[in-house]
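Visitor: One predicted model, sequence on top.
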Amino acid sequence: MAEALLSDEDERGLLVAPPHELIDRVVDEFDLLVGAGSSDLARGFRALAWVIEWLPIFMIGAFSRASRLPLARRVLYLESIEHAKIALLATLFVAFKLPVTMIAFEVGPELRLTGFDRETVSTPRLTSPALKVIGP
Amino acid sequence: MNARELASDRSVVIGRELTSAFDETCDVVVVGSGAGGAVMASILSEAGQRVIVLEEGPYYTPQEYGSFRPTESMRRLWREAGLLAAFGVGQTPVIGLSAGRCVGGSSVLTGGVCFRIPSGFHARWVEDLGLADFSEAAFEPVYREVEKRVKVAVVPDEMRSLGTRKFVAGAERLGISMSSLRRNTSGCIGNGRCNFGCPSGAKMSVDVSYLPNALHHGARVISDALVERVVIDGGRATGVVGKILGGPQGKPSHPFRVRARTVVVACGTLHTPVLLLKSGLGRSSTALGRHVTLHPALRVSALFDDVVSGWDGALQSVYSNDFACEGITLVGVYSAVNMLAGALPGVGASHRRLVADMPRHGVFGAMIHDEGGGSVRGGTGREPILTYKMAPRDLARLRRSITILAEMAFAGGAREVYLPIFGTSGIDSLDQAKKLEYEPLDARRIECLAFHPLGSARMATDARRGVVDPSGQCYEVRDLYVADGSVLPTSIGVNSQVPIMSMATHLAWRLADRLLHEANS
């Protein structure tokens, strides 16, 4: 799922998978994040993952588990959940998408893509002289 | 249980580093170290009481949490790793909730916005609810005290991000007035990520304002200490028992007990009712765990032609009360860039194209003054379950606020506006926003957040209608007090940090007087 969420296009408009290092980092940190919550939270995400894994037949008519779909079909599948007529499905999808993409766009080339102009997301603002005098 | 004297070097005791059980005695034990508990501990220790504060979450210094990445902050400081939600009943959105689980509680995660409780609510509390001591005039010295301690000041215009300025310009063109917010910061340079820990240590959360004062006056603060039950003997609270979370992955390691003449519960609106229910309360009133208000909120992201670098500026700097009569407050907001990027629609390449436009995105939000439709009850594990049934009136307000924000964005020059409705793409005209307001829409499509859960152990003048009396003492158990957002008798329509601190100050002054009187007699 993370692979489809973070996929890209090359200059010819062809779909390309994200680098393995990015996926490995996102998956590891996602596990850490969910693991920091309660056992109820972990159970909730396991159930959510199960639902997403088995829905392709209903969403795109594919007789396959989501994880076994080719990348292009997985992207199509996730797009169909995001726009699902059943609102709860769209909501559940976002519950997964938001932490995955937050982790992805937090460091490295993905952070650079956002245009954020500080070294890291924790680097204080590059202050202008006018701003240095501000504050009680 | 082996008795063990806790180190008392006036710094926070790191509970997970304790190697054995402990059994301590003090005058007042405070459960929770957030905006309510820290204020109580500070004032009562100043008054000469021997105070122990027990905090379930870990302790990190401002230098430490200021260096956390946002998801690291969620993992270490936020309850349920920042993935906490209220489950909607019926036509209600799933509402993402932010709550702290660390020394300093949710005050570490706020945007720093400071409002007093609006006059109308003080009047209602006095006239309709009979809470005679809770008038605006009676609270004036309380507000002054709190605002001095946490350094409340008006956000200078220069601290508005360019994105916020675009929305403000749009509002002015529409005749919507905007005012500068007041915030509790000292030396803010506008890092734009207050809710994940300030990288400059500028936010005056209670871990840097009230708790150091409590420690200075002899209080002891113990982190990683989960209180499981209030000990009640003969209708009186006599202490608490719980477990230190010092095991692998924060699992319980060893038990503790703290004996005290007075117990103050300040675990917040979600956990206070659960602790009281576990301790056997909830028989005389049905109010415990019910009537929870959330101030549901949402945000709209707008794409402008110019680079606005929305991350350069105060996270929150302006607001408008022009729609207060409709129960809507408009508030300028931002968040960490990776969080906002993640919230944009799309999958894969289509999502990345939007993310690449982040420097041209401005964000603005709205908050609803809601009816109390929430209920808290214990779950199968440590965390409670919060359900929320949104009143149809409040749902209409949410949808109306989306249109207002879109109108402001377009009037400010936005090329495209991204609405907080799952499954929608950006819109490029106000007509589309207006149409969406009146089209049938499943409420669960609305991306909704809440930051101010209040009212699950509300105050009332009789035991049938509330959980605590006007002194904060539980009707069912003597010497057991509640001092957090759960005691607020109604929704207040504004950010709850200063109101909770003020309520705790009011209750602490009275409790200090009572304890002193009892000691003298």
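Guide: All right, it came through fine. Treat the numbers as computed from the prediction; the structure is a model and nothing was measured.
Visitor: what about residue B:333, distance to chain A?
Guide: 16 Å (C-beta to the nearest C-beta, to the nearest Å). Just so you know, the C-beta spots here come from the backbone N, C-alpha and C atoms, and that holds for glycine as well.
Visitor: per-residue pLDDT, that residue?
Guide: If you check residue B:333, the pLDDT there is 96.
Visitor: Spit out the contact partners of it.
Guide: B:111, B:299, B:315-316, B:363-365 (C-beta atoms under 8 Å, 6 or more residues apart in numbering or on different chains).
Visitor: again with residue A:108
Guide: residue A:22 are the contacts of residue A:108 under C-beta under 8 Å, 6+ apart.
Visitor: Swap in 10 Å and give it another go.
Guide: A:19, A:21-22, A:25 (C-beta atoms under 10 Å, 6 or more residues apart in numbering or on different chains).
Visitor: Quick check: the gap between it and chain B.
Guide: 11 Å.
Visitor: Look at that residue and report its pLDDT.
Guide: With respect to pLDDT, residue A:108 has a value of 95.
Visitor: low-scoring pLDDT stretches of chain B, where are they?
Guide: B:1-10 (pLDDT under 70).
Visitor: what about the longest strand in it?
Guide: Criterion DSSP state E: the longest strand present in chain B is strand B:254-265.
Visitor: Just checking, which helix or strand succeeds it along the chain?
Guide: helix B:268-278 (DSSP states H and E).
Visitor: quick one, that following helix and strand B:254-265 angle?
Guide: Taking axes from the mean of the first three to the mean of the last three C-alpha atoms, to 10 degrees, one finds helix B:268-278 and strand B:254-265 inclined to each other by 110 degrees.
Visitor: residues of helix B:268-278 that come out buried?
Guide: Neighbour-count burial for helix B:268-278 flags B:268-277 (criterion: 16 or more other C-beta atoms under 10 Å in any protein chain shown).
Visitor: chain center to it, what's the gap?
Guide: Distance, stretch centre to chain centre, for helix B:268-278: 15 Å (C-alpha atoms, centre = their mean, to the nearest Å).
Visitor: Can you tell me which helices and strands that helix packs against?
Guide: strand B:22-31, strand B:225-233, strand B:254-265, strand B:374-377, strand B:385-388, strand B:480-482 (3 or more C-beta pairs under 10 Å, 6 or more residues apart in numbering or on different chains; DSSP states H and E).
Visitor: what does the fourth one contact?
Guide: In this case it means strand B:374-377. With C-beta under 10 Å, 6+ apart, strand B:374-377 has contacts from B:86-87, B:89, B:92, B:95, B:97, B:269-274, B:277, B:288-294, B:384-390, B:450, B:453-457, B:486.
Visitor: could you flag which of those are buried?
Guide: B:86, B:92, B:95, B:97, B:269-274, B:277, B:288-294, B:384-386, B:388-390, B:450, B:453-457, B:486.
Visitor: Test my guess that residue A:19 contacts residue A:6.
Guide: Yes - if you go by C-beta atoms under 10 Å, residue A:19 and residue A:6 touch, sitting 9.1 Å apart.
Visitor: Mind checking which of the two has more residues around it?
Guide: residue A:6 (24 against 13; other C-beta atoms under 10 Å in any protein chain shown).
Visitor: quick one: the more buried one and residue B:407, what's the gap?
Guide: In this view, residue A:6 and residue B:407 are 34 Å apart by C-beta to C-beta, to the nearest Å.
Visitor: Residue B:190 now?
Guide: Taken as C-beta to C-beta, the span from residue B:190 to residue B:407 is 27 Å.
Visitor: For the closest residue to residue B:222 other than its chain neighbours, list the residues it contacts.
Guide: Excluding the flanking residues, the one nearest residue B:222 by C-beta to C-beta, 6 or more residues apart in numbering or on different chains is residue B:13, at 4.5 Å. Each residue near residue B:13 by C-beta under 10 Å, 6+ apart is listed here: B:6-7, B:22, B:52-55, B:59, B:220-225.
Visitor: got TSV for those residues, with secondary structure too?
Guide: Output for the contacts of residue B:13, formatted as TSV (DSSP: H, G, I helix; E, B strand; the rest coil):
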residue	secondary structure
B:6	coil
B:7	coil
B:22	strand
B:52	strand
B:53	strand
B:54	strand
B:55	coil
B:59	coil
B:220	strand
B:221	strand
B:222	strand
B:223	coil
B:224	coil
B:225	strand
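Visitor: I would like a ChimeraX command selecting only the buried ones among those residues, please.
Guide: Buried subset of these, written as a ChimeraX selection, criterion 16+ other C-beta under 10 Å:
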select /B:22,52,53,54,55,59,220,221,222,223,224,225
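Visitor: Rebuild the contacts of residue B:13 as a markdown table, extending it with distance to residue B:512.
Guide: Below are the contacts of residue B:13 laid out as a markdown table (distance: C-beta to C-beta, whole Å):
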| residue | distance to residue B:512 |
| --- | --- |
| B:6 | 23 |
| B:7 | 26 |
| B:22 | 26 |
| B:52 | 16 |
| B:53 | 16 |
| B:54 | 20 |
| B:55 | 21 |
| B:59 | 26 |
| B:220 | 18 |
| B:221 | 19 |
| B:222 | 22 |
| B:223 | 25 |
| B:224 | 28 |
| B:225 | 24 |
